[in-house]
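1. Here you go, sequence then predicted model.
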Amino acid sequence: MGNLSGFVKRLRDIMRNDAGINGDAQRIEQIAWMLFLKVYDAKEKDWEWNDDGYVSIIPENCRWANWAADDRSGSAMTGDRLLDFVNNTLFPTLKKLPVTASTPIRKAIVQTTFADANNYMKDGVLLRQVVNVIDDLDLSDYEESHAFGEIYETILKELQSAGSAGEFYTPRAVTDFMAKMIEPKIGETMADFACGTGGFITSWLKELERAVKTTEDREAYGNSIYGIEKKQFPYMLCITNMLLHDLDVPQVFHANSLLHDVLDYTESDQFDVVLMNSPYGGSEKADVKSHFPADLASSETADLFMSVIMYRLKKNGRAAVILPDGFLFGTDNAKVSIKKKLLSEFNLHTVIRMPGSVFSPYTSITTNILFFDRSQPTKETWFYRLDMPEGYKHFSKTKPMKLEHFDPVVEWWKNRRELSADGFDKAKKFTARQLAEELGYNFDQCGYPHVEEEILAPMDLIQRYQEERSSLNAEIDRVLAEITEKLGGAQA
């Protein structure tokens, strides 16, 4: 275990000397494909052990054990020879592995994982040093491989600080809290339609594991998840994450959830539980809207994901979804249509307002967790504002949010009551009629009263202005329409 603690640091120190690695993001991407092959190699040893007829999809010369493992006899490839092999044999081979519709998932993932992967290193001697550090991991040792699962979590967290890569990392405290409140049961299926590196899936599995008693349970546990990720890199990290969590057949797909007509989904495309953080502020091609009914076709990705979730949640299914403030206060036509559908066909029972710095340093946009199920139309919705814990001004990399910071919510959840603090609502119940008629579908309730003026990153600021502008435009249109009607005039 001792050799694990400095694992990431050792790799970073070696790579620092390689001219081909430009910045943290490339360094982590470089580590990622090697880790995948190392973990996959350990899995294949298990599969061969359990199945005499097992044949790897990877040609012998490209299997990790045959080119990367160094028996220290001096025969292992290094320098230009290693570089030439990786660039001109390994990568072209893995990118073009023969995969058809009938290829089992556990084999097909190799090709999807490498489809867009890159080798950035230019120094074959340093590459050999990195390969050796990774090869030293003993994944056959339960203790060590379990500890490595934790290390992997750290690597994923590091991504958050590697610039744009942070967008696929939802703080562990948040995913754990959501999985806990959803109360997973054996036999249920859970989906995340923008799963990033697999944070929600991991939290779901951790929570579900408590219920595993028999081999049948174990099998149901392994088949309980479904993930889609459109970006190649987080997809690769997610697959490796799943293999480390002993999911031999990770049902995680490299695709874009928004490129499918939502009206085409049938019951077989639906899930018992949806847990996810809807990507927001993202730009999608204009034709994405064509996959949604006209009234739900928003230009904001978070809204589109909300529609996907509503179409893919089973009857009586449960969902916990993170959405930005813009979804709550937005009253433009698409948002109002989405909220109408949410209140009339689903039971939106709880909205948890989270403090602004939960996702810092990646984004300062304030987010919320919506809990709803598909049991009946909404009768009433509770809003609860989670305040910063005692002694914290804001969360940061060094002082991140912890699961216990959700304790006040958990305590209130079981014994709901209206609360106020300093004369402002902290927890309050609204009927569906109030939300729709009196508040005009503005769900921005129990917000933070005296927030100091936040300094947002430029892109976040633009995003916020655009949301506010479209809401104000919709509000003006509504008022004008009312006035026109009262004056008895025909509306233009």
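-> Sure, I can see it.
2. Which parts of the stretch 1-150 of the chain are helices?
-> Secondary structure of the stretch 1-150 of the chain by DSSP state H, counting those that start in this stretch: the helices cover 2-5, 7-15, 23-50, 64-67, 79-85, 91-95, 105-114, 124-135, 142-160.
3. Out of the ones you listed, which gets nearest to residue 191?
-> Minimum separation from residue 191 across these (C-beta to C-beta) falls at helix 105-114, 15.7 Å. Bear in mind the C-beta positions are built from the backbone N, C-alpha and C, glycine included.
4. Check which helices and strands that closest one sits against.
-> Applying 3 or more C-beta pairs under 8 Å, 6 or more residues apart in numbering; DSSP states H and E, one finds that helix 105-114 makes contact with helix 23-50, helix 91-95, helix 232-244, strand 252-254.
5. Check which residues of the first one are buried.
-> By that I understand helix 23-50. Neighbour-count burial for helix 23-50 flags 24-44 (criterion: 16 or more other C-beta atoms under 10 Å).
6. same deal with the second one?
-> When burial is assessed from 16+ other C-beta under 10 Å, helix 91-95 yields the following buried residues: 91, 94.
7. close enough to count as contact, residue 370 and residue 323?
-> Yes. The pair residue 370 / residue 323 is scored as a contact, 5.9 Å apart, by C-beta atoms under 8 Å.
8. okay, the helices of the stretch 1-150 of the chain in CSV with mean pLDDT and distance to residue 260 next?
-> Converted to CSV, the helices of the stretch 1-150 of the chain look like this (pLDDT from 0 to 100; distance: least, C-beta to C-beta, whole Å):
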stretch, mean pLDDT, distance to residue 260
helix 2-5, 56, 41
helix 7-15, 86, 37
helix 23-50, 88, 27
helix 64-67, 94, 35
helix 79-85, 96, 39
helix 91-95, 96, 25
helix 105-114, 90, 18
helix 124-135, 94, 37
helix 142-160, 68, 27
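9. Dump the ones you listed into TSV; add distance to residue 234 as well.
-> Converted to TSV, the helices of the stretch 1-150 of the chain look like this (distance: least, C-beta to C-beta, whole Å):
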stretch	distance to residue 234
helix 2-5	23
helix 7-15	18
helix 23-50	10
helix 64-67	22
helix 79-85	27
helix 91-95	18
helix 105-114	11
helix 124-135	20
helix 142-160	8
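10. where does the stretch 351-492 of the chain have low pLDDT?
-> Confidence mapping of the stretch 351-492 of the chain against pLDDT under 70 gives the ranges 361-362, 450-456, 471, 489-492.
11. quick one: the nearest residue to residue 257 once chain neighbours are set aside and residue 439, what's the gap?
-> Residue nearest to residue 257 in three dimensions, not counting chain neighbours: residue 193, with 4.0 Å by C-beta to C-beta, 6 or more residues apart in numbering. Residue 193 is 29 Å from residue 439, where distance means C-beta to C-beta, to the nearest Å.
12. What of residue 407?
-> Where residue 439 is concerned, residue 407 sits at a distance of 30 Å (C-beta to C-beta).
13. just residue 321 next, same as before
-> For residue 321, the distance to residue 439 - C-beta to C-beta - is 20 Å.
14. Just want to know which of the two has more residues nearby.
-> The neighbour comparison of residue 321 against residue 439 (other C-beta atoms under 10 Å) goes to residue 321, with 22 against 14.
15. how about the more buried one, what does it touch?
-> When contacts are counted by C-beta atoms under 8 Å, 6 or more residues apart in numbering, residue 321 touches 274-278, 305-306, 309, 369-370, 372.
16. Out of those, which sit inside helices?
-> 305-306, 309 (DSSP state H).
17. Report the buried residues of the longest strand seen in the chain.
-> Among the segments of the chain that qualify as a strand by DSSP state E, the longest is strand 313-324. For strand 313-324, the neighbour count (16+ other C-beta under 10 Å) marks 313-314, 317-324 as buried.
18. and what of stretch 15-22?
-> For stretch 15-22, by 16+ other C-beta under 10 Å, it's 15, 18, 20-21.
19. could I get those as TSV with distance to residue 299?
-> Below are the buried residues of stretch 15-22 laid out as TSV (distance: C-beta to C-beta, whole Å):
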residue	distance to residue 299
15	40
18	42
20	39
21	37
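20. What is the most widely separated pair among these?
-> Going by C-beta to C-beta, the pair spanning these furthest: 15 and 20, at 9.1 Å.
21. which residues do those two both contact?
-> residue 121.
22. Strands along the stretch 201-350 of the chain, start to end?
-> 225-229, 252-254, 271-277, 313-324, 347-353 (DSSP state E, counting those that start in this stretch).
23. partner strands of the longest one, parallel or antiparallel?
-> So that's strand 313-324. For strand 313-324, the paired strands and their directions (DSSP bridges) are strand 271-277 (parallel), strand 367-373 (antiparallel).
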